[in-house]
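Undergrad: Predicted model, plus sequence, below.
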Amino acid sequence: MTFPSIDPEDVGNTGLLWLLASYGYILYMAANYISEGSELLTLIPKFSGIVGSIVLPLLGAVPDGAIMLFSGLGDIATAQETLSVGVGALAGSTIMLVTLPWSLSVISGRVKFNKKGIPDYRKPKNRLHATFCEKMFHSGVPVTPIINKGAISMILTLVPFFLVQIPATIYKGHVDDLAYAERNYALTGFILCILGFIAYLGYQLHFANGEASKLQQVAVMKKMLQNGTVSLEAAMYNRPHLTEPNATEKSPLKKQQSSMDGYMAEVMYDQFRKYDVDNSGDLDIDECISMFADYNLKLERNAVLEVFNLIDEDQNRRLSFAEIIKAGVIFVQDDCSTRTKSTILRASAQHLQNLCDDADDDDGDDGEVEDIPEDIKNLCPEAQQAAIIKAAFEYMAIGTILCIVFSDPMVECLSELAKRLNIPSFYVSFVLAPIAANASEIISSRDQAIKKTSKSISVSLSTLEGAAAMNNTFCLSILLGLIYFRKLAWQYTAETIAIVIVQIAMFLFTRKKNMTMFDAVIIAAIFPLSLVLIVVLEYVGFD
């Protein structure tokens, strides 16, 4: 061990637990830094597509990947032993991601079903005195097309597991002989993992402007704005204005999601509902000024009156949500560009009303965001975006460095704990490594799901599917690379079976129309049951 210099063998049990807690917390913070830095970049239009499709999935796998890499370093004899820590991290992380946070997301995001068995997002709150049967079988979340596609991607990336398992099943004998027999299979699997990794990123990049990417961007905008991290001008800076609507387009929001109007309709609807306490569907001028002030958009009453009189087509001194979006675009464009108000007002009121209708089920909630310096939101929009880019790269760099520095000592601590408990290091790593490396995914997926919208549950569950696909490609490629280049042996048949079975089971769950709370309970039970499965398989003779 080089840095930190504390050798786990030289400390007592209390000291070892302290080291585990310390390194685990540092890796947890590192994962948060990487995630938060990546999310910040989604606020920059020129980066948002590539960040959401490539940077977020790649950097999200860095903490797990670092643990797996360091588990196979050192002398060959030690590496063969500590590789179990890496495999435990892979199995524990992958299985945990598609079970515990998935279950938590379904439970947090569930709404009652209507008479047709469809989740009712018009009235998302569940009955306080619902019966046990109603809670378990008549409330849940929809399995959206985005979740369906994510599950297919996840299941396709399982192929390398089958490949590396062929020699491990056929060949028996000394570890050196097994390592020799597996080399070519490991190399082929390594190449397949790299190709699968590139294909997955290419698929994500191809759909960088698709619905899933837009939902993630909107989710980040909401968090930033609701917590006052940036101003509305900065969040909308350089977003293109809405083009003239197509008369034949039935769903304008889906076709114009990249426009400033579409983004603003999505991010402001929660705030609009907050101020519309009487559910009248409109706000007076003072309420509108207060609502924009919450997004750090300071407006002078006299200037606002001029715009409101122009927009208030029915002259009732109150603005509907569609009219507020039109006003918001004017205020933001007035600060961010040289476009005239007459150009901005070309979009028809009917089209913007359609934006309102499509956003009607998007009922949000607050979330945790990064601690950007308070003075950033007071800068001009261009300066805010420059500061955001700087902070984003600093966060990602700090997180990556922490992962590289502290993954090696974390592996040694997990191995030492296994020795003292007299159990295989795989089981220790299976349970503890995901807590440090994937805690941020658990929190963020739950924060998304609790908003109780079909869009938020799509973001929540598809993100977990993407993380599992990255484990199946990027992280597995690290282990297979170690096996080939360091001539190690893959002796993890039981673990491989558990990983594959769990992901196939989750794929089958996504074939359903809805997932109920009863499904969530079953999914949560899969995590401990998978560990039991591994124990049983090893007991009956599997590696």
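TA: Ah, there it is.
Undergrad: Please enumerate the helices of the stretch 51-200 of the chain.
TA: 56-60, 62-71, 76-97, 100-109, 132-137, 145-156, 159-170, 175-206 (DSSP state H, counting those that start in this stretch).
Undergrad: what about Val175, how many neighbours?
TA: 13 (other C-beta atoms under 10 Å). (Each C-beta comes from the backbone N, C-alpha and C, glycine too.)
Undergrad: so what's it scoring on pLDDT?
TA: Val175 is assigned 76 on the pLDDT scale.
Undergrad: before we move on, what about Val141?
TA: 90.
Undergrad: Which residues are in contact with it?
TA: The contact partners of Val141, by C-beta atoms under 8 Å, 6 or more residues apart in numbering, come to Ser105, Val106, Gly109, Arg110, Val111, Pro119, Ala449, Ser454, Ile457, Leu461, Asn514, Met515.
Undergrad: Also Val106?
TA: Val106 sits in contact with Gly140, Val141, Ala449, Ile457, Met515, Thr516, Met517, Asp519, Ala520, Ile523, where contact means C-beta under 8 Å, 6+ apart.
Undergrad: so how many other residues sit close to the fourth one?
TA: Neighbour count for Ile457, taken as other C-beta under 10 Å: 31.
Undergrad: Who are the contact partners of it?
TA: Contacts of Ile457 by C-beta under 8 Å, 6+ apart are Ser105, Val106, Gly109, Val141, Pro142, Thr144, Ile147, Gln448, Ala449.
Undergrad: which SS class is Gln491?
TA: With DSSP: H, G, I helix; E, B strand; the rest coil as the basis, Gln491 sits in coil.
Undergrad: Equivalent analysis for Ala467, please.
TA: Applying three-state DSSP: Ala467 is helix.
Undergrad: Give me the pLDDT for Asn246.
TA: 37.
Undergrad: Closest one of the contacts of Val141 to Lys172?
TA: Nearest to Lys172, judged by C-beta to C-beta, of the contacts of Val141 is Leu461 at 40.4 Å.
Undergrad: still on that earlier bit, which one of the contacts of Ile457 is nearest Gly60?
TA: Gln448 (14.6 Å).
Undergrad: Spell out which residues make up each domain of the protein.
TA: 27-211+380-539, 228-358 (automatic domain parsing).
Undergrad: Show me how far the first one is from its chain's centre.
TA: Centroid separation for domain 27-211+380-539 versus its chain: 10 Å, with C-alpha atoms, centre = their mean, to the nearest Å.
Undergrad: quick one, strands of this protein?
TA: 111-112, 139-142, 282-284, 318-320, 514-516 (DSSP state E).
Undergrad: Ok, which of these comes nearest Leu83?
TA: Using C-beta to C-beta, the nearest of these to Leu83 is strand 514-516, at 35.6 Å.
Undergrad: Direction included, what does that closest one pair against?
TA: Using DSSP bridges, the strands paired with strand 514-516 are strand 139-142 (antiparallel).
Undergrad: could I get the strands of the chain as CSV with distance to Gly92?
TA: Listed next are the strands of the chain as CSV, based on distance: least, C-beta to C-beta, whole Å:
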stretch, distance to Gly92
strand 111-112, 31
strand 139-142, 25
strand 282-284, 49
strand 318-320, 51
strand 514-516, 23
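Undergrad: just these: most buried one?
TA: strand 139-142 (a mean of 25; mean count of other C-beta atoms under 10 Å).
Undergrad: okay, that strand in PDB with CA atoms only?
TA: C-alpha atoms of strand 139-142 as PDB (Å, rounded to 0.1, in the frame of the first residue of the first chain):
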ATOM      1  CA  SER A 139     -51.200   0.900  -6.600                       C
ATOM      2  CA  GLY A 140     -47.900   1.000  -8.500                       C
ATOM      3  CA  VAL A 141     -46.100   2.500 -11.400                       C
ATOM      4  CA  PRO A 142     -46.300   2.100 -15.200                       C
END
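Undergrad: Many thanks, I have nothing further to ask.
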